[in-house]
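Participant: Sharing a sequence plus its predicted fold:
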Protein chains: 2
Amino acid sequence: MTETMAQHGPAQKRARRSEGSRQQILDVAAKLFRAKGYTDTSLRDIGQQAGMKAGSLYYHFASKEQLAAEVLLIGVQKVHRAVVTAIDAPGRTADARARLAAAMAAHLETLLDASDYTSAHIRCFPDVPATLRMKLSAARREYEAVWRLLLDDMAASGALPAGTDANAARLAILGALNWSLEWYDPALGKPLQLTQTLLAAFAR
Amino acid sequence: MTETMAQHGPAQKRARRSEGSRQQILDVAAKLFRAKGYTDTSLRDIGQQAGMKAGSLYYHFASKEQLAAEVLLIGVQKVHRAVVTAIDAPGRTADARARLAAAMAAHLETLLDASDYTSAHIRCFPDVPATLRMKLSAARREYEAVWRLLLDDMAASGALPAGTDANAARLAILGALNWSLEWYDPALGKPLQLTQTLLAAFAR
DNA sequence: CAGCCTACCTAACGTGCGTTAGGTCAATTG
DNA sequence: CAATTGACCTAACGCACGTTAGGTAGGCTG
């Protein structure tokens, strides 16, 4: 849209400013949603940390729910991209085990360090209005499909332990990774042991 | 306390009534906390489903936080007891693998079916006031110790996969189990595959 | 049977929330 | 330079919340 009339004259300084404010609101909202949850984060909180009053947020977003919708959607998309990128990185012919290791590391890194958006999604999804949860379900299923494929490959190549269900393994792995939000302490360093242990447990 | 003056005269009919109401409030609160979370559950909600008005709850509990304190404490204690009982059941000389299997099954059963208190604890703990979280930390650590011991025994008997850290394994297993609250659907039957898969993954 | 206590209810208080209407003022435009 | 518009702010609205003060009906005690 801005590309079609791409002469970057002085005309767009305000547009830049607005886009910057919008981005900062999203960043602040993601940080607060991660730290305090959806319900305990007020628009006055967000406004204050974003350098404006609560009412002014409505210039950029239609409602608290819409703001959350954008934050949580970005959250899934960020892990999704990070994991897909990590999976493809080792080379197209890498075996399932290596791809699983890369995926776990990317998911955990995004969740704990790289993105407040992703952790906000994980934390707030159960507390957000049902209508919003439905709007997010498509993006969630798309990300889920990546892991489904990955674990199916593991099962097909016989890399999973005997008596292991691919679906259950996926739920177990993602549960173990997501649950790290509950006990992760940045002061204690990154939980490298977790991905190592999961890999040793699920990849023969 | 009631045992010392144990003549169950007609004097205690009211005490029974009060105790019954109190118990029902706790049950309702646990159910709602599990379903809607701490912040989104109002005392008016609880009162209505318990058959009284919101203000009347203060005859039995000093505050919403105190009520939640009791619910969440019962929640840990219930899993704790269920898991300890399950661990001791196979016989004192059972191997670590059998005890791990029993512990996982008991934890999952309590979480998903047996106790709204336990699931309320898992769901609400992050959203509850920090002072309450601190009051619960002792009981949580006691339960944690059970799993620490269990996984240490696994490691000592060489039952864990090579390159597996006992602590990371504990966090992974409990994370995988607790996360089932997010995807568990009672209509689809109990997730037996999850404990099976976890056992196959973590017990050689 | 008088008086008390238990287990509630009624009605309100103050607070903080999401949201909105209308104003302001600098930057941009013609 | 006059007019417009973009990016906010001020001030308030209605509502729901946790909480509390005071009332009340029925069982219990002496």
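Facilitator: Perfect, thanks for sending it. Numbering: from 1, shown residues only, chains lettered A, B, ... in the order given.
Participant: give me the element A:Val79 is part of.
Facilitator: helix A:64-88 (DSSP states H and E).
Participant: Can you name the element that comes right after that helix?
Facilitator: Where DSSP H and E defines the elements, the next helix or strand beyond helix A:64-88 is helix A:96-109.
Participant: and that following helix with helix A:64-88, angle?
Facilitator: Orientation note: helix A:96-109 sits at an angle of 150 degrees relative to helix A:64-88 (axes from the mean of the first three to the mean of the last three CA atoms, to 10 degrees).
Participant: Work out which residue lies at the spatial centre of chain A.
Facilitator: A centroid search over chain A (CA atoms, centre = their mean) returns A:Thr118, at 2.6 Å, as the residue closest to the centre.
Participant: touching DNA strand D at all, the strand or helix carrying A:Ser18?
Facilitator: In this structure, A:Ser18 sits in helix A:13-36 according to DSSP H and E. Yes - for helix A:13-36 and DNA strand D, the contact criterion (CB under 7 Å from any atom of the strand) is met by A:14-15, A:17-18, A:21. For every residue, glycine as well, the C-beta is placed using N, CA and C.
Participant: tell me the least confident of those residues?
Facilitator: Comparing pLDDT over these, the lowest score belongs to A:Arg14 (61).
Participant: gap between the top helix by length along chain A and the chain center?
Facilitator: The residue-count maximum for a helix in chain A (DSSP state H) belongs to helix A:130-156. Using CA atoms, centre = their mean, to the nearest Å, the mean C-alpha position of helix A:130-156 is found 13 Å from that of the whole chain.
Participant: what do you get for stretch A:43-62?
Facilitator: 23 Å.
Participant: swap in stretch A:35-43?
Facilitator: 18 Å.
Participant: Over to stretch A:71-90?
Facilitator: Computed by CA atoms, centre = their mean, the separation of stretch A:71-90 from the middle of its chain amounts to 7 Å.
Participant: What residues does the residue lying closest to A:Arg99 once chain neighbours are set aside make contact with?
Facilitator: Take A:Arg99 and drop its neighbours on the chain: the residue closest to it by CB to CB, 6 or more residues apart in numbering or on different chains is A:Ile87, 4.9 Å away. Contacts for A:Ile87 were tallied using CB atoms under 8 Å, 6 or more residues apart in numbering or on different chains; they are A:99, A:102-103, A:106, A:146, A:150.
Participant: And the pLDDT at A:Ile87?
Facilitator: 95.
Participant: what does the one 4 residues further on give?
Facilitator: Residue-level confidence at A:Gly91 comes out at 70, pLDDT.
Participant: Count the neighbours of it for me.
Facilitator: 8 (other CB atoms under 10 Å in any protein chain shown).
Participant: what does A:Asp185 give?
Facilitator: 7.
Participant: pLDDT weak spots in chain A?
Facilitator: A:1-14, A:16, A:92-93 (pLDDT under 70).
Participant: where's the residue of chain A found nearest DNA strand C relative to DNA strand D, distance?
Facilitator: Of chain A, the residue with the smallest distance to DNA strand C, taken as CB to the nearest atom of the strand, is A:Gly55 at 2.7 Å. The span separating A:Gly55 from DNA strand D equals 3 Å under the rule CB to the nearest atom of the strand, to the nearest Å.
Participant: who touches that residue in this structure?
Facilitator: A:Gly47.
Participant: how about the nearest residue to A:Gln77, chain neighbours excluded?
Facilitator: Ranked by CB to CB, 6+ apart and with sequence neighbours excluded, the top spatial neighbour of A:Gln77 is A:Ala139, at 6.6 Å.
Participant: Torsion angles phi and psi at A:Tyr184?
Facilitator: phi -60, psi 130 (degrees, to the nearest 10).
Participant: need the contact list for the residue nearest to A:Ser21 when sequence neighbours are not counted.
Facilitator: Spatial nearest neighbour of A:Ser21, chain neighbours left out: A:His60 (6.6 Å); criterion: CB to CB, 6+ apart. With contact taken as CB under 8 Å, 6+ apart, A:His60 is in contact with A:18, A:21-22, A:25.
Participant: Please spell out the ChimeraX selection for the buried subset of the residues you listed.
Facilitator: Entered in ChimeraX, the line below selects the buried ones among the contacts of A:His60, by 16 or more other CB atoms under 10 Å in any protein chain shown:
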select /A:21,22,25
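Participant: CSV for the contacts of A:His60, including distance to B:Gly163?
Facilitator: As requested, the contacts of A:His60 are exported to CSV (distance: CB to CB, whole Å):
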residue, distance to B:Gly163
A:Ser18, 52
A:Ser21, 49
A:Arg22, 46
A:Ile25, 44
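Participant: so A:Met52 sits right up against A:Ser21, yeah?
Facilitator: Yes - the pair A:Met52 / A:Ser21 is scored as a contact, 7.3 Å apart, by CB atoms under 8 Å.
Participant: wait, A:Lys78 sits on A:Ser115?
Facilitator: Yes - using CB under 8 Å, A:Lys78 is in contact with A:Ser115, at 4.7 Å.
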